[in-house]
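K.L.:
Below are the sequence and a predicted model for it; my questions follow.
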Amino acid sequence: MLGLLITLIIAIVIGMIGSAIAPGGMPGGILGAMLAGLVGAWIGHGLFGTWGPVIADFAIVPAIIGAAIFVFLLTLISKGLRSAT
């Protein structure tokens with residue numbers, strides 16, 4: 001149970017950093033940051049592998065880059081949907 005809590009906290013921190021890097025920001029507050037952190041870690045691991053420091057099974061640098069990519073893509077999609085209506 002403690003491992004899950006640590007994983008969620010690290011995901012929130014990664015999501016907040018990734019949201020701060022990407023233009024537009026991630027909506028949804030802490031839950032949005034957690035989602036961005038978890039999905040960003042998955043994207044970062046797929047694109048860049050596991051290099052850099054690892055905390056709670058997250059390779060921090062690729063996870064932050066992946067979270068920034070995820071937030072940027074969500075921003076593009078939401079702007080496209082808003083302009084289409």
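P.N.:
Alright, I've got the coordinates. From a predicted model like this one, the values you see are computed outputs, not experimental measurements.
K.L.:
And the contacts of the lengthiest helix in the chain?
P.N.:
Looking across the chain with DSSP state H, the single longest helix is helix 60-84. Residues outside helix 60-84 that contact it (C-beta atoms under 8 Å, 6 or more residues apart in numbering): 14-15, 17-19, 21-26, 36-37, 39-54. Placement of C-beta: from N, CA and C, glycine included.
K.L.:
That one: which residues count as buried?
P.N.:
60, 62-72, 74-75 (16 or more other C-beta atoms under 10 Å).
K.L.:
Equivalent analysis for stretch 41-49, please.
P.N.:
Result for stretch 41-49 [16+ other C-beta under 10 Å]: buried residues 41, 43-45.
K.L.:
Pull out the CA atoms of it and give them to me as PDB.
P.N.:
Output of stretch 41-49 as PDB, limited to C-alpha atoms (Å, rounded to 0.1, in the frame of the first residue of the first chain):
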ATOM      1  CA  ALA A  41       6.100   7.900 -17.700                       C
ATOM      2  CA  TRP A  42       4.700   5.400 -20.100                       C
ATOM      3  CA  ILE A  43       5.400   7.600 -23.100                       C
ATOM      4  CA  GLY A  44       8.800   8.500 -21.900                       C
ATOM      5  CA  HIS A  45       9.800   4.900 -21.300                       C
ATOM      6  CA  GLY A  46       8.600   3.900 -24.700                       C
ATOM      7  CA  LEU A  47      10.400   6.700 -26.500                       C
ATOM      8  CA  PHE A  48      13.600   7.200 -24.500                       C
ATOM      9  CA  GLY A  49      14.000   4.000 -22.400                       C
END
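K.L.:
Check the offset of that stretch from the chain's centre.
P.N.:
11 Å (C-alpha atoms, centre = their mean, to the nearest Å).
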